[in-house]
Each structure stands twice: as C-alpha cells, then as structure tokens.
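S.K.: whatever this is, show me its structure:
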Amino acid sequence: MSTQAHTPDELLGVGEMSRRTGVAVSALHYYERLGLIASHRTDGNQRRYPRHMLRRVALISVAKRLGIPLDDVKEAFADVPLTDTPSHEDWQRASRRWKRTLEQRRLGIERLEKELTGCIGCGCLSMKACGLLNPDDQLGDTGSGARRIPV
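M.R.: Numbers count the residues shown, from 1 in each chain. Modelled structure (predicted):
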C-alpha cells in the first residue's frame with residue numbers, strides 16, 4: 001500500500017488515467033475532443049491529466065452507463081472549471097443542475113412507461129382511442145420523433 005501523498009496539481013499520463021478510471025485511452029481522447037476533460041501537453045507532446053480529471057471521468061462513466069447523452073454531461077459540467085481544480089461549491093452547483101435534468105428525464109420515462117403499459121396491455125389498436133398512433137403520418141409536418149408523448 002502506497003503512503004505517497006497526492007497533490008491536486010499532480011499530473012497523470014493517459015495510460016495511468018485509463019488504468020485508474022477503467023476508460024479506454026481512445027475514449028479519453030474523445031472526451032477531450034468534446035471538451036469534457038482537458039490535459040496538458042509535455043514538451044514531447046504527451047498528454048498529462050490533472051488529478052482532478054479522475055472525478056470528471058468517473059462521472060462521465062456513470063452517466064454513460066445510465067444512458068445519459070454526453071451533451072447533457074457537458075451541460076451539467078458547464079460551470080465546473082476544466083483547467084483549475086474545481087471547488088466543492090463548483091461540484092455542488094453542477095450536482096444541483098444535473099439533478100434537475102435527471103428528474104426531468106425520470107418523469108419523462110415514467111410518462112412513457114404509463115403510455116406503453118396502457119397501449120401494450122390493452123391491445124386495442126384503436127385508431128380513435130389510442131394516443132400513440134399517428135394515422136397517415138399526420139404529425140409528420142410538425143417535426144421529427146415521437147410527438148404525442150411529451151418528453
């Protein structure tokens with residue numbers, strides 16, 4: 001067991017970041033291109049990640065497992081400093097924003113579940129009563145995607 005003290009300004013190589021987070025090197029590069037994480041470059045052009053990026057990558061991984069789009073993650077991290085070590089307040093602000101987003105997603109999923117359970121459960125396939133049907137693509141002119149189930 002290592003007793004080495006870690007400092008907030010300690011830099012980790014991309015291989016170490018990958019090992020510590022369980023995220024592939026290619027995914028780390030991708031997250032960096034999206035602006036979700038940031039690295040410094042050495043004189044030899046090697047990536048070095050500040051230690052505080054471990055938390056960001058962990059949260060990205062959790063969001064990905066839950067099916068949360070990376071754009072939503074980026075929005076949640078909008079006020080969390082990318083190049084400086086985030087403060088407790090920075091993370092609390094991001095947490096509150098993300099919680100609101102997740103609550104909206106949960107409510108949308110619950111509404112969809114109720115609609116689908118009712119539709120699949122009744123088996124009516126009624127062109128008059130079913131709120132999910134879109135005969136003759138009447139809703140096609142109003143936009144793409146599901147139109148009758150609010151999200």
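
S.K.: strands along the chain, start to end?
M.R.: 11-13, 40-41, 47-50 (DSSP state E).

S.K.: what is the longest one packed up against?
M.R.: Spelled out, that is strand 47-50. strand 11-13, helix 14-21, helix 25-34, strand 40-41 (3 or more CB pairs under 8 Å, 6 or more residues apart in numbering; DSSP states H and E). All C-beta atoms are positioned from the backbone trio N, CA, C, and that covers glycine.

S.K.: quick one, what contacts Asp72?
M.R.: Contacts for Asp72 were tallied using CB atoms under 8 Å, 6 or more residues apart in numbering; they are Ala63, Thr101.

S.K.: ok, now with 7 Å
M.R.: When the contact criterion is CB atoms under 7 Å, 6 or more residues apart in numbering, the partners of Asp72 are Thr101.

S.K.: give me the below-cutoff pLDDT ranges for the protein.
M.R.: Along the chain, the parts satisfying pLDDT under 70 run over 1-6, 8, 117-140, 144-151.

S.K.: which helix runs longest in this protein?
M.R.: Using DSSP state H, we find that the single longest helix of the chain is helix 88-122.

S.K.: list the buried ones in it?
M.R.: Using 16 or more other CB atoms under 10 Å as the test for burial, helix 88-122 gives Trp91, Arg93, Ala94, Arg97, Trp98, Arg105, Glu115, Cys119.

S.K.: now for those: which two are most distant?
M.R.: Within those, Trp91 and Cys119 form the most distant pair, 41.0 Å apart (CB to CB).

S.K.: sounds good, over and out.
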